[in-house]
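# sequence plus the predicted model coming up.
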Amino acid sequence: MLRHGLPACVRMNPIDALTEIAELLERERSSRYKSKAFRAAAETIRALTDAQLDDTASLRRRPGIGERTLEVIVEARAGRVPGYLADLRERRGVVPAGELRRRLRGDLHSHSEWSDGLTPIDEMVAAARALGHEYLALTDHSPRLRVARGLSPERLREQLEVVAGMSGDGFTLLSGIEVDILDDGSLDQEDELLRQLDVVVASAHSKLRMPRSAMTRRLVAAASDPRVDVLGHVTGRLVEGSRGTRPPSDFDPAPVFAACAKAGVAVEINSRPERQDPPDELIAQALEAGCLFSIDSDAHAPGQLSLIDYGAARAEQLGVPADRIVTTWPLERLREWTGRDRG
């Protein structure tokens with residue numbers, strides 16, 4: 001059967017086209033409403049027949065289909081790569097996949113719509129599988145971060161039941177949290193719950209401009225807490241992007257990294273281009289202090305999981321040994337590390 005002079009087999013699936021557009025928009029951190037519109041359109045047409053997909057007038061009247069998404073569907077059905085998708089592919093930044101990127105097995109920092117992520121957990125899992133990850137830690141926010149719909153203890157317990165059914169076929173979804181570091185260095189979640197989680201990422205999100213001595217004590221306390229596995233985006237800086245820029249927190253890195261090294265806590269190399277955290281000089285100091293590292297995407301949408309490419313490129317450029325990066329470890333070794341004796 002021919003359509004517009006092309007074999008049907010070469011037609012691009014419109015669902016695939018809409019989904020790829022959403023992922024590319026997420027990767028470049030566009031407005032969340034844009035990517036959600038393309039994901040919604042993909043869901044709208046998922047159960048439609050070929051005849052219904054070719055009925056443009058009827059499609060236009062369906063909820064969830066706008067002019068741009070309709071254009072993508074029509075072009076895909078005609079056997080073309082939609083123009084909007086071609087433009088996104090062309091402007092996508094290509095990061096060379098070095099040896100270190102090929103050795104990464106997973107990601108310990110990601111978010112879902114349970115807090116401030118854009119999509120359900122299962123879509124994050126599907127994207128992680130598609131990237132070839134062996135594991136992904138779901139680390140939604142803790143209660144104090146209300147602007148990010150941080151999880152109360154009750155909601156986190158609910159989520160744990162969902163996470164428990166998401167593994168299989170060579171992939172493991174690890175339970176976790178990005179727990180807020182409170183002003184005194186304590187953690188924003190019940191200790192009993194933190195004990196149950198596979199991975200605890202501790203990050204400061206507020207009062208990032210507190211005095212140097214106080215911020216140092218705060219981070220040392222968090223790194224010394226026996227529940228913490230990863231110290232997330234340690235300086236809190238922003239170097240680009242829609243949120244503007246923000247200077248790094250002021251603290252003494254020597255005692256902070258010494259505390260991480262002593263407790264076996266990994267210093268996160270946050271892969272988001274707007275963070276690039278820690279700065280290069282702090283990664284060098286953490287290396288010298290004997291720290292472990294975790295290269296993470298801090299993804300808030302499926303298309304952002306691939307941002308891990310940037311973190312891997314930075315780490316390789318700075319000479320971080322692969323064996324000191326916990327996200328290169330197989331799951332069994334990773335679990336031994338998270339279950340270590342904290343002293």
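The structure has been received and is ready for your questions.
# and Gly93, helix, strand or coil?
coil (DSSP: H, G, I helix; E, B strand; the rest coil).
# residues touching it, list them.
For Gly93, no residue meets the contact criterion (Cβ atoms under 8 Å, 6 or more residues apart in numbering). For every residue, glycine as well, the C-beta is placed using N, CA and C.
# domains of the protein: list them as residue ranges, please.
2-91, 99-338 (automatic domain parsing).
# worst average pLDDT in these?
With a mean of 87, domain 2-91 has the lowest mean pLDDT of those.
# ok, now how distant is Pro143 from Ser30?
For Pro143, the distance to Ser30 (Cβ to Cβ, to the nearest Å) stands at 29 Å.
# sorry, wrong one. I was asking about Thr327.
From Thr327 across to Ser30, the span is 26 Å (Cβ to Cβ).
# can you list the domains of the chain in CSV and add mean neighbour count?
Formatted as CSV, the domains of the chain follow (neighbours: other Cβ atoms under 10 Å):
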stretch, mean neighbour count
domain 2-91, 16
domain 99-338, 20
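# strands of the protein, residue ranges please.
In the chain, the strands defined using DSSP state E lie at 2-3, 6-7, 106-107, 135-138, 172-180, 199-203, 230-231, 266-270, 292-296.
# can you put these in JSON lines and add distance to Ile308?
What follows is the strands of the chain, written out as JSON lines (distance: least, Cβ to Cβ, whole Å):
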{"stretch": "strand 2-3", "distance to Ile308": "38"}
{"stretch": "strand 6-7", "distance to Ile308": "36"}
{"stretch": "strand 106-107", "distance to Ile308": "6"}
{"stretch": "strand 135-138", "distance to Ile308": "11"}
{"stretch": "strand 172-180", "distance to Ile308": "15"}
{"stretch": "strand 199-203", "distance to Ile308": "15"}
{"stretch": "strand 230-231", "distance to Ile308": "14"}
{"stretch": "strand 266-270", "distance to Ile308": "10"}
{"stretch": "strand 292-296", "distance to Ile308": "6"}
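# so which of the ones you listed is nearest Ser242?
strand 266-270 (16.9 Å; Cβ to Cβ).
# helices or strands next to the closest one in the packing?
Identification of packing neighbours for strand 266-270 by 3 or more Cβ pairs under 8 Å, 6 or more residues apart in numbering; DSSP states H and E yields strand 230-231, helix 253-263, helix 280-288, strand 292-296, helix 308-317.
# now the ones you listed in TSV, with distance to Leu334?
Listed next are the helices and strands packed on strand 266-270 as TSV, based on distance: least, Cβ to Cβ, whole Å:
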stretch	distance to Leu334
strand 230-231	11
helix 253-263	16
helix 280-288	19
strand 292-296	10
helix 308-317	16
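# which of these sits closest to Leu85?
Leu85 sits nearest to helix 308-317 of all those, at 19.9 Å, using Cβ to Cβ.
# and the angle for that closest one with strand 266-270?
120 degrees (axes from the mean of the first three to the mean of the last three Cα atoms, to 10 degrees).
# and helix 308-317, how far out from the chain middle?
Computed by Cα atoms, centre = their mean, to the nearest Å, the chain-centroid distance of helix 308-317 equals 15 Å.
# got it, and stretch 318-333?
The answer for stretch 318-333 is 18 Å, by Cα atoms, centre = their mean.
# show the end-to-end separation of it, please.
24 Å (Cα to Cα, to the nearest Å).
# and for stretch 231-238?
End-to-end distance of stretch 231-238 (Cα to Cα): 17 Å.
# then stretch 141-150?
Stretch 141-150 has an end-to-end distance of 4 Å (Cα to Cα).
# please apply the same query to stretch 178-194.
Length of stretch 178-194, first residue to last, Cα to Cα: 11 Å.
# for stretch 190-200, same thing?
Terminal-residue distance, stretch 190-200 (Cα to Cα): 12 Å.
# need the residues that contact that stretch.
With Cβ under 8 Å, 6+ apart as the test, stretch 190-200 has contacts from 108, 137, 139, 153, 156-157, 160, 174-177, 179, 187, 227-230, 335, 338.
# which one of the helices and strands packed on strand 266-270 lies closest to Pro247?
Of all the helices and strands packed on strand 266-270, helix 280-288 sits nearest to Pro247, with 13.5 Å by Cβ to Cβ.
# chain center to that closest one, what's the gap?
How far helix 280-288 lies from its chain's middle: 23 Å, per Cα atoms, centre = their mean.
# which elements pack onto it?
Secondary-structure packing of helix 280-288 (3+ Cβ pairs under 8 Å, 6+ apart): helix 253-263, strand 266-270, helix 308-317.
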